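1. The following block contains a protein sequence and its predicted model.
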Amino acid sequence: MQEKSSEPKRIGIIDADLMDNGTRHPNLALMKISGYHKDLGDTVSLIFHDYSEMKDYDFVYISKVFTFTKIPKEALAFKNLNIGGTGFFPDGGKNLPYNIEHFKPDYSLYAPYVAEKIKSGSKVNYDDYCNYSIGFTTRGCFRKCDFCVNKKYDFATNHSPVSEFIDDDRPAIYLWDDNFFAYKGWESILDDLESTGKPFQFRQGLDIRLLTAKKAERFAHTRYHGDIIFAFDHLEDASLVTEKLKLWKDYSTKTTKAYAICGYSSQDIRDVLSLLIRIKILMEHGCVPYIMRHQDYEKSPFKDLYVQLARWCNQPQFFKKKSFREYCKANQDYGKKKTGLCKSQEVLEAFEKEYPTVSSRFFDLRYDEVNFYKTKLYGKRHPYIQSCEYCLRIKPSWDQMINGTIPEEKIISQFFLKNIDLNCLRPNKFCKKSGKECADFIMELTLKTKIKTIVDVIDKSKQKEPITPENIPQFGTFEKMAFLHLDTIYSQKEDSFNMNDLGKLLRSEAGSDVANNKYGENHGKIYCLLNLLDGHYENKGLVVSKNDLGHVYKDLPDHSRNEFVGKMALGIPIIRETIIRGFVNKTSASEIILEKRNISMSQTTIDRRMTNVNMLLTQTIGYFEAEDKKILRKNIDTNEQKSGPR
């Protein structure tokens with residue numbers, strides 16, 4: 001490594017992968033080296049045209065990530081040369097000196113290369129070079145997978161604070177951490193990332209085997225950039241990966257992918273079968289595979305099949321709409337070949353002839369048919385209908401609750417935190433109690449439980465549903481919302497309504513489709529948040545349906561309706577957090593929203609929604625005992641303390 005000297009040096013830097021094959025990613029180590037040398041006063045340039053330019057420099061650094069990257073022999077014979085990277089050394093070689101490893105990357109290093117390419121008309125996307133701060137917050141992985149180069153560490157450890165590599169002018173962050181979930185302090189790093197206000201992503205596959213409910217909920221609601229990507233490389237992990245995919249889907253609707261390696265452990269039919277089984281498991285759990293072909297795949301008699309499977313899976317627009325057979329047929333129908341078979345169809349037919357049973361088992365599977373997670377819910381903590389296995393995992397089922405084997409305080413906690421839901425009773429038969437029995441039970445329990453008790457049990461939980469733009473309510477007047485509109489909905493013979501039809505039904509005057517849709521959406525959503533309607537998305541539009549709790553609610557006397565809405569509002573995150581904070585110090589709902597970096601809303605939108613949020617806050621505050629009510633009215637600025645329970 002070149003040391004500081006009295007005379008500035010001319011430093012040449014070569015990204016060998018860029019020179020040989022082109023690469024999407026800038027080399028982080030080289031950017032740190034560049035930053036370090038510029039700080040010494042040296043002149044630093046990226047060499048990207050020809051290795052012959054090395055002669056113009058006093059000292060040259062060459063790095064390569066891939067073993068197959070070619071470098072001329074004469075370049076490696078250069079006198080003042082330092083080489084590094086996994087392309088030279090399987091374990092990455094020696095670490096950079098501490099003062100370079102922790103130097104802020106020089107994000108301008110690749111600027112001349114990018115500018116030249118763009119000027120020449122290149123269609124390559126250079127976002128990774130221009131728009132991301134790049135770094136490692138942790139290093140290390142205990143797995144030591146045979147195909148992976150990251151074997152020099154025995155465990156995951158803290159590496160760099162986000163502040164060390166962040167560039168304020170770059171809009172996003174990406175991270176090369178080896179196994180982020182393996183680091184015990186992952187949550188504090190996530191706090192640091194979120195505090196930047198910038199979206200971020202991990203480029204290595206996250207280790208889904210280490211997923212917990214806490215990690216799932218944090219990642220489901222963080223400002224993540226792009227798709228969440230896990231890894232599913234070993235078929236022997238199928239049971240654990242399946243369990244963790246179900247856990248992930250309990251919290252997230254984010255587009256989810258998983259790296260799936262092939263052609264490494266073997267290159268025979270066993271490896272093909274392993275890959276197809278993993279694709280099927282991922283497909284069933286709403287996850288898109290991204291096939292990673294190890295270079296040894298070329299030794300396989302099935303190398304052409306690996307290529308076609310990768311092209312199918314790695315293009316979600318095809319994978320989500322076509323089976324592998326349909327994908328191959330589409331290539332045949334739209335291909336350039338006028339006669340004979342295209343490559344996709346040729347490969348499929350050849351494999352099917354030799355392995356008809358395997359082909360019939362896997363080649364007709366369609367993501368949109370076998371995906372268990374097609375219907376996304378609205379207004380629930382969990383975005384899909386929970387399975388019976390979920391209740392078995394968290395313990396209280398509806399039958400156990402109604403039969404008196406679960407303490408009432410735990411039932412209140414689980415219900416108001418939305419860990420349990422009446423919605424699950426319809427498709428599953430694990431519980432013997434009817435929806436009407438469960439709705440009667442939870443209504444009676446809610447009305448008899450003091451509101452301060454509800455707040456206290458919610459406050460004890462460390463895993464509360466986060467505030468998002470989607471769960472901050474907006475509606476008309478409280479009177480219409482709590483009484484008139486709901487009565488209108490439940491008087492109809494139809495059980496379900498799209499937002500346009502709901503708006504037409506509830507509005508007193510004729511209006512445009514846009515106005516009807518907005519009015520219907522606002523009221524449909526508040527009823528879902530209060531558990532008085534169920535909501536789900538069809539073709540990206542919200543549809544709401546009557547439910548058992550709503551049927552019980554409509555038959556209550558007015559004073560009980562008011563009380564139930566006041567208490568159920570505590571299940572809405574902004575109401576819950578404002579009330580909890582109001583017992584400690586002065587606050588307001590708008591102040592809390594403005595603190596949340598994951599909420600992107602204009603001040604106009606916040607002000608408009610605060611009218612309704614404050615209506616609900618005032619309603620809720622009215623049901624506390626006199627002393628608590630006094631504290632909350634003093635500390636929470638609702639701007640309308642006049643109204644309260646009727």
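-> Thanks, I have the structure now.

2. which strands and helices sit next to the helix or strand encompassing Asp304?
-> Asp304 belongs to helix 303-313 when assigned by DSSP states H and E. Judged by 3 or more Cβ pairs under 8 Å, 6 or more residues apart in numbering; DSSP states H and E, helix 303-313 is in contact with strand 256-262, helix 269-284, strand 288-293, helix 316-319, helix 324-334, helix 343-354. No exception for glycine: its C-beta is placed from N, CA and C like everyone else's.

3. May I ask you to name the longest helix in this protein?
-> Of all segments of type helix in the chain, defined using DSSP state H, the longest is helix 603-621.

4. burial measure for the spatially closest residue to Phe362 that is not a sequence neighbour, as a count.
-> Nearest non-adjacent residue to Phe362, counting by Cβ to Cβ, 6 or more residues apart in numbering: Leu276, 4.4 Å away. For Leu276, the neighbour count with other Cβ atoms under 10 Å is 20.

5. And for the one 3 residues further on?
-> Neighbour count for Ile279, taken as other Cβ under 10 Å: 26.

6. pLDDT score assigned to the nearest residue to it once chain neighbours are set aside?
-> For Ile279, ignoring the flanking residues on the chain, the nearest one in space by Cβ to Cβ, 6+ apart is Pro289 at 5.1 Å. At Pro289, the pLDDT value in this model is 97.

7. what do you get for the one 4 residues further on?
-> Confidence per residue is given as pLDDT, and for Arg293 that number is 95.

8. Tyr259 is in contact with that one, correct?
-> No. Arg293 is beyond contact range of Tyr259, at 11.1 Å (criterion: Cβ atoms under 8 Å).

9. Please report how far Asp368 lies from Lys374.
-> From Asp368 across to Lys374, the span is 7 Å (Cβ to Cβ, to the nearest Å).

10. Which helix or strand in this protein has the lowest average pLDDT?
-> helix 388-394 (a mean of 64; mean pLDDT, DSSP states H and E).

11. Let me know whether Arg10 touches Thr43 as I believe.
-> Yes. Counting by Cβ under 8 Å, Arg10 does reach Thr43; the two are 5.2 Å apart.

12. Over to Leu486: give its phi and psi.
-> phi -70, psi -40 (degrees, to the nearest 10).

13. right, and it touches Leu556 too?
-> No. Judged on Cβ under 8 Å, Leu486 makes no contact with Leu556 at a distance of 10.7 Å.

14. Where do the strands of the stretch 451-600 of the chain begin and end?
-> 496-498, 533-538, 541-546 (DSSP state E, counting those that start in this stretch).

15. buried ones in the next helix or strand after the longest helix of the chain?
-> Scanning forward in sequence from helix 603-621 by DSSP H and E, the next helix or strand is helix 626-635. By neighbour count on 16 or more other Cβ atoms under 10 Å, the buried set for helix 626-635 is 628-629, 632-633, 635.

16. and these as JSON lines, adding pLDDT?
-> Formatted as JSON lines, the buried residues of helix 626-635 follow (pLDDT from 0 to 100):
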{"residue": "Asp628", "pLDDT": "96"}
{"residue": "Lys629", "pLDDT": "96"}
{"residue": "Leu632", "pLDDT": "96"}
{"residue": "Arg633", "pLDDT": "95"}
{"residue": "Asn635", "pLDDT": "95"}
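
17. List just the nearest of the residues you listed to Thr253.
-> Lowest distance from Thr253 to those (Cβ to Cβ) belongs to Leu632, with 34.0 Å.

18. Would you agree that closest one is in contact with Ile621?
-> Yes. Judged on Cβ under 8 Å, Leu632 makes contact with Ile621 at a distance of 4.7 Å.

19. Which residues are in contact with each of the two?
-> Jointly contacting Leu632 and Ile621 under the rule Cβ atoms under 8 Å, 6 or more residues apart in numbering are Ile579.

20. List the contacts of Arg203.
-> 25, 174-176.

21. what's the burial count for Asn99?
-> Asn99: 11 surrounding residues under other Cβ under 10 Å.

22. what's the spacing between it and Ser122?
-> In terms of Cβ to Cβ, Asn99 sits 36 Å off from Ser122.

23. got the end-to-end distance for stretch 591-603?
-> End-to-end distance of stretch 591-603 (Cα to Cα, to the nearest Å): 11 Å.

24. separation between the nearest residue in space to Tyr537 that is not next to it in sequence and Gln414?
-> Of all residues not flanking Tyr537 in the chain, Lys376 sits nearest, at 4.7 Å (Cβ to Cβ, 6+ apart). Look at Lys376 and Gln414: by Cβ to Cβ, they are 22 Å apart.

25. So for the two, which sits in the more crowded spot?
-> When Lys376 and Gln414 are compared for neighbours, Gln414 comes out ahead with 20 against 16, by other Cβ under 10 Å.

26. Skipping adjacent residues, who's closest to that one in space?
-> Spatial nearest neighbour of Gln414, excluding adjacent residues (Cβ to Cβ, 6+ apart): Ile420 at 4.7 Å.

27. burial count for the one you found?
-> 24.

28. same thing with Ile71?
-> 17.

29. Pop the domain breakdown of the protein in here.
-> Recorded structural domains for the chain (assignment: automatic domain parsing) are 10-113, 129-370.

30. So which of Leu486 and Leu556 has more stuff around it?
-> Leu486 (24 against 14).

31. could you list every residue that touches that one?
-> Contacts of Leu486 (Cβ under 8 Å, 6+ apart): 527, 532, 550, 553-554.

32. Which one (most neighbours) among the residues you listed?
-> Leu532 (27 neighbours).

33. so how far is Val455 from it?
-> Taking Cβ to Cβ, one finds Leu532 at 21 Å from Val455.

34. Kindly report the same for Tyr373.
-> Remark: distance between Tyr373 and Val455 (Cβ to Cβ) = 33 Å.

35. can you count the residues close to Phe624?
-> Phe624 has 20 nearby residues by other Cβ under 10 Å.

36. show me the contacts for it.
-> 451-452, 632.

37. and of the residues you listed, the nearest to Ser560?
-> Nearest to Ser560 among the contacts of Phe624, with distances taken as Cβ to Cβ, is Ile451, at 13.7 Å.

38. Could you list which residues are in contact with that closest one?
-> Ile451 makes contacts with 566-567, 570, 620, 623-624, as judged by Cβ under 8 Å, 6+ apart.

39. Of those, just the buried ones, PyMOL syntax please.
-> Buried residues within the contacts of Ile451, by 16+ other Cβ under 10 Å, are selected in PyMOL with:
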select buried, resi 566+567+570+620+623+624
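
40. tell me the contacts of Thr446?
-> Shown in contact with Thr446 (Cβ under 8 Å, 6+ apart): 412, 415, 454, 564, 567-568.
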